[in-house]
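> Just to be clear, the model below is a prediction. Sequence and coordinates:
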Amino acid sequence: MRMSDSMNEFVTPDFVPRAYSRPIRQLSIVYLIAVAVIFLISSFRESLGGNSVSTVLIMAVVCAIAIYTLLRRQEHNDQMLATEFENLLFSAAAALGSNFCIFLKSDGTIIYANDGTRRMFPNFSRHQTLAIDELFESAHVDKIHLDKLYSALSLGRKENLIFEISNSAGERSDYIVMIEPLKRPSGY
């Protein structure tokens with residue numbers, strides 16, 4: 001389950017996001033051309049053969065705009081599907097060999113938690129982005145271990161911690177909690 005993440009800067013040498021305004025500009029140009037064509041058809045209605053011919057031409061322009069818009073929308077949907085599928089593959093790979101996998105910001109905000117997290121901690125909600133405290137409190141993790149965890153998070157340090165966690169059945173077992181800082185583009 002994907003949570004939220006915010007981006008502070010949009011252009012860095014490490015990562016440049018897509019030019020989101022380009023499709024909007026293209027669509028705006030197509031719409032302006034279509035409006036101009038409709039205006040010209042309306043203006044020269046009599047010389048084109050009357051109302052019925054001009055109506056058919058205007059409807060053709062409107063249909064062309066609708067088809068173009070639908071094709072652009074389908075292109076956008078295909079891109080979203082590819083991105084979500086790729087995210088699914090990467091998150092599944094990240095969770096290999098673990099009972100649960102959580103992506104956190106350095107302040108403890110949950111950005112992503114896999115399905116194993118929900119199985120391990122059934123009271124965990126999809127909407128609890130700031131719930132790392134509550135998550136580990138519900139698992140009865142000692143404060144000493146939580147302090148080490150937060151220390152590693154705030155310092156961006158790789159750490160392997162071993163501590164007891166209560167699972168969904170209430171059984172306490174030792175778990176190795178691995179903290180692996182991920183390199184992110186600057187500003188993100």
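Structure's in. What do you need? Numbers count the residues shown, from 1 in each chain.

> Name the residues of the helix or strand hosting Val35 that are buried.
Element membership for Val35, per DSSP states H and E: helix 21-43. Taking 16 or more other CB atoms under 10 Å as the neighbour-count basis, helix 21-43 is seen to contain the buried residues 34, 37-38, 41. Every residue, glycine included, has its C-beta placed from N, CA and C.

> in this structure, which spans are strands?
Secondary structure of the chain (DSSP state E): strands at 102-104, 110-113, 159-166, 172-179.

> can you tell which of the ones you listed is closest to Ser91?
strand 110-113 (6.4 Å; CB to CB).

> now the buried residues of helix 21-43 as JSON lines including distance to Asn160 and pLDDT?
Output for these, formatted as JSON lines (distance: CB to CB, whole Å; pLDDT from 0 to 100):
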{"residue": "Ala34", "distance to Asn160": "61", "pLDDT": "91"}
{"residue": "Val37", "distance to Asn160": "66", "pLDDT": "90"}
{"residue": "Ile38", "distance to Asn160": "67", "pLDDT": "89"}
{"residue": "Ile41", "distance to Asn160": "71", "pLDDT": "86"}
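
> Measure how the longest helix along the chain sits relative to helix 21-43, angle-wise.
Longest helix of the chain, by residue count under DSSP state H: helix 51-94. Here helix 51-94 runs at an angle of 170 degrees relative to helix 21-43 (axes from the mean of the first three to the mean of the last three CA atoms, to 10 degrees).

> ok, back up a step: please name whichever of the strands of the chain is nearest to Ile67.
Once the strands of the chain are compared by CB to CB, strand 110-113 is nearest, at 37.5 Å.

> which other helices and strands contact the helix or strand of the chain with the lowest mean pLDDT?
Of all the helices and strands that make up the chain, helix 132-138 has the lowest average by mean pLDDT, DSSP states H and E, namely a mean of 77. Packed against helix 132-138, as judged by 3 or more CB pairs under 8 Å, 6 or more residues apart in numbering; DSSP states H and E, are the following elements: strand 102-104, helix 143-155.
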